[in-house]
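[1] model this:
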Amino acid sequence: MAPAATPQEEVKLSVVAPAPRQPDDAGVGAAEDPTSRRRKLGAILGTAALAAMAFMAAVASWSAGQEDVDSAAMPRSLAPQNNPFKDVPYYVNPTYAASLDSSLASAESLVSETLQSMKVVPSA
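    Reported below is the predicted structural model:
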């Protein structure tokens, strides 16, 4: 026969760890079902599409109240009569012209003619 247990031996503490979450549990740590991901994405995209349509409708109703602008009455800024550079002399760089003079001394006929004409070409 076994000896009788003392009161200190009878008391045992047991600590039970929580069970690990299963993939079908909802909450943190659970794997998300691909179908629910698609549903969430569809809901987000649907909401964004509705918001965009509402915005476009608001802009359309606002612009309908605006009076039409006659484009023929508006001045054109790029028309030839409004060209701010028309009949204005351009800058001819004297340093560049001087550098061409030094090249003209050793140039042959065709190259010499080209360099001579380049001396008066404006540059930026």
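
[2] worst mean pLDDT across the helices and strands of the chain, which element?
    Taking mean pLDDT, DSSP states H and E as the measure, helix 7-10 is the helix or strand of the chain with the lowest mean score, a mean of 58.

[3] quick one: low-confidence residue ranges for the chain.
    For the chain, residues meeting the criterion pLDDT under 70 lie at 1-32, 65-81, 124.

[4] what about residue 112, distance to residue 86?
    When CB to CB, to the nearest Å is the yardstick, residue 112 and residue 86 sit 33 Å from each other. Quick note: C-beta positions are derived from backbone N, CA and C, even for glycine.

[5] between the two, which is the more surrounded one?
    Summary of the neighbour comparison: residue 112 and residue 86, criterion other CB atoms under 10 Å, with residue 112 having more neighbours (14 against 8).

[6] quick one: residues contacting the more buried one.
    Taking CB atoms under 8 Å, 6 or more residues apart in numbering as the contact definition, residue 112 lies against residue 104.

[7] which positions in the strand or helix carrying it come out as buried?
    With secondary structure defined by DSSP states H and E, residue 112 is part of helix 109-118. Applying a neighbour-count criterion of 16 or more other CB atoms under 10 Å, the buried positions in helix 109-118 are residue 115.

[8] CA atoms only for it, dumped as CSV, please.
    As requested, the backbone C-alpha atoms of helix 109-118 are provided in CSV (Å, rounded to 0.1, in the frame of the first residue of the first chain):
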residue,chain,number,x,y,z
SER,A,109,36.7,79.3,-97.7
LEU,A,110,33.4,77.5,-96.9
VAL,A,111,34.1,77.2,-93.2
SER,A,112,35.2,80.9,-93.2
GLU,A,113,31.9,82.0,-94.8
THR,A,114,29.9,80.0,-92.2
LEU,A,115,31.9,81.4,-89.3
GLN,A,116,31.5,84.9,-90.7
SER,A,117,27.7,84.5,-90.8
MET,A,118,27.6,83.0,-87.3
